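> Mind looking at a prediction? Sequence and model below.
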Amino acid sequence: MTKWLVCEIEHCSAYMDQSKRRRGRREGDGRKSYRPSLRKERSKRLSLCLVGMLPVLVVHGGAGQIPKERVEMASAGVRAAARAGYAVLQGGRSSMDAVVEAVTNLENNPSFNAGYGSVLNVKGEVEMDAIVMDGRTLASGAVSAVRNIANPIQLARLVMEQTSHLCLTAGGAGQFARAMGMPEVPGDSLITEYARMRWKKNLAPNANPVESQMGKMGTVGAVAVDEDGNIACATSTGGMLNKMEGRVGDTACIGCGGYADNRAGAVSPTGHGEAIMKVTLARLILFHMAQGMSPEEASDLGLATMKERVEGLGGVVTVDPQGRWAARFTSTQMAWAAAQGGTLHFGVFSGEDVTQDIGDPS
Ligand SMILES: NC(=O)C[C@H](N)C(=O)O
């Protein structure tokens, strides 16, 4: 903290010196370029003064009620993913690189409903949705109902970077993955025993897959702000348990399963996709932030609206341009972890916020 304060004062005084020099030059030659360059200095100064808060990265492992025996696994998983994403930020790379790294890590972890470990559709197959968004340019890429790839989040990024579209679906998304040289994997290799057991259980005529899923969710997501103040989000999911074939959820829909805007912040939601879509949850929360609410207030208000209007439960991770963050949920639990200033915060239960040194491997 002391280090940060000293650094802030040094940068602010450097700024004042520079602006004095600029003023002198303007008075000397009366150039019109004075204003834009001063504005640039001002924003540079602002971001330098916020050096103590940036970079920051927050991840979630899905809102729901995590079975007792899986709580530690889920917590360890989000901590590992937050460390992996934060290392990318510390290496000076972008928030987009960091959120994709963190979500790839979670997709590869069978504890979560994304990539390997995804829930199954009614036919017993894996169909996945994913989205990324870059807050600098509002560029976004998504895939929906995609099969046979291990990391849908990387395909969503390729949609953003290599096509003029925002979302590719099903067979077309698969063709694009092949064209991009993304390895195809057998559908069965993404299925865990746990996912198969839950699918079977929910085929029973009296089953309630939505309720059952609210019991044990596990969509994954990340939001981050890098050292340059650029903001990004990424979300990936196997969707809802025993969903119809071809069902597209919130995760593939911009403003619902994710949104990032350098001017307001970023949100990655989890929860009942149909409810999230009805209130466009990510965009709703960012709207409240643009009106001046903190990430925590806006997240709580967005989630409360979803509960009140459409009886939807869920959770979000949220950041703002200053690096303030929130991990909030209306479900019983949500595994989450946040990395900032060398400290890792994490929790699973309501009100829980444990901290540890980011270098502590436990
Ligand atoms: N577990 C989840 O968050 C599910 C996801 N939001 C969906 O409806 O596809």
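Structure received.
> Please settle this for me: is residue 76 part of a helix?
Yes. Assessed by DSSP: H, G, I helix; E, B strand; the rest coil, residue 76 belongs to a helix.
> now the residue of the stretch 51-200 of the chain found nearest the ligand, what's its secondary structure?
Residue nearest to the ligand within the stretch 51-200 of the chain: residue 62 (5.0 Å; CB to the nearest ligand atom). Heads up, the C-betas are built off the backbone N, CA and C, glycines and all. What three-state DSSP gives for residue 62 is strand.
> From what I see, it and residue 268 are in contact.
No. Look at residue 62 against residue 268 with CB atoms under 8 Å: they stay out of range, at 10.8 Å.
> who's more crowded, those two?
residue 268 (33 against 30; other CB atoms under 10 Å).
> what does the model give the more buried one for pLDDT?
Predicted confidence (pLDDT) at residue 268: the value is 98.
> wait, isn't it in contact with residue 250?
No. Using CB under 8 Å, residue 268 makes no contact with residue 250, being 10.7 Å away.
> Between these two, which contacts overlap?
residue 257 (CB atoms under 8 Å, 6 or more residues apart in numbering).
> and the nearest residue to residue 196 once chain neighbours are set aside, what pLDDT?
Excluding the flanking residues, the one nearest residue 196 by CB to CB, 6 or more residues apart in numbering is residue 120, at 6.9 Å. Per-residue confidence at residue 120 stands at 95 (pLDDT).
> and if you look at residue 65?
85.
> From residue 197, how far off is the closest residue to it other than its chain neighbours?
The shortest distance from residue 65 to any non-neighbouring residue, by CB to CB, 6+ apart, is to residue 332 (4.2 Å). Applying CB to CB, to the nearest Å, the value for residue 332 to residue 197 is 21 Å.
> and what of residue 177?
Counting by CB to CB - residue 177 and residue 197 are separated by 29 Å.
> who's more crowded, the two?
Legend: neighbour count by other CB under 10 Å for residue 177 and residue 197, higher for residue 177 (24 against 10).
> from what I can see the more buried one touches residue 149, true?
Yes. Using CB under 8 Å, residue 177 is in contact with residue 149, at 5.3 Å.
> Overlap of the contact sets of those two?
155, 184.
> Could you pull out the buried residues of the one helix or strand residue 301 maps to?
In the assignment (DSSP states H and E), residue 301 maps to helix 295-310. Within helix 295-310, the residues scored as buried using 16 or more other CB atoms under 10 Å are 295, 298-303, 305-307.
> same question for that helix, mean pLDDT?
So the average pLDDT for helix 295-310 ends up being 98.
> what about residue 91, neighbour count?
So residue 91, with other CB under 10 Å, has 9 neighbours.
> now it: how far from residue 101?
On the measure of CB to CB, residue 91 and residue 101 end up 10 Å apart.
> before we move on, the earlier item: over to the residue nearest to residue 65: give its phi and psi.
Main-chain torsions, residue 332, degrees, to the nearest 10: phi -60, psi -40.
> ok, it - contacts?
By CB under 8 Å, 6+ apart, the neighbours of residue 332 are 64-65, 350.
> can you put the residues you listed in TSV and add neighbour count and distance to residue 58?
Shown next, in TSV, are those (neighbours: other CB atoms under 10 Å; distance: CB to CB, whole Å):
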residue	neighbour count	distance to residue 58
64	28	18
65	14	21
350	12	17
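> ok, now which ones touch whatever residue of the chain ends up closest to the ligand?
Here the chain gets closest to the ligand at one residue, residue 273, 2.2 Å apart by CB to the nearest ligand atom. Listed by CB under 8 Å, 6+ apart, the contact partners of residue 273 are 237, 239-240, 249-251, 256-257.
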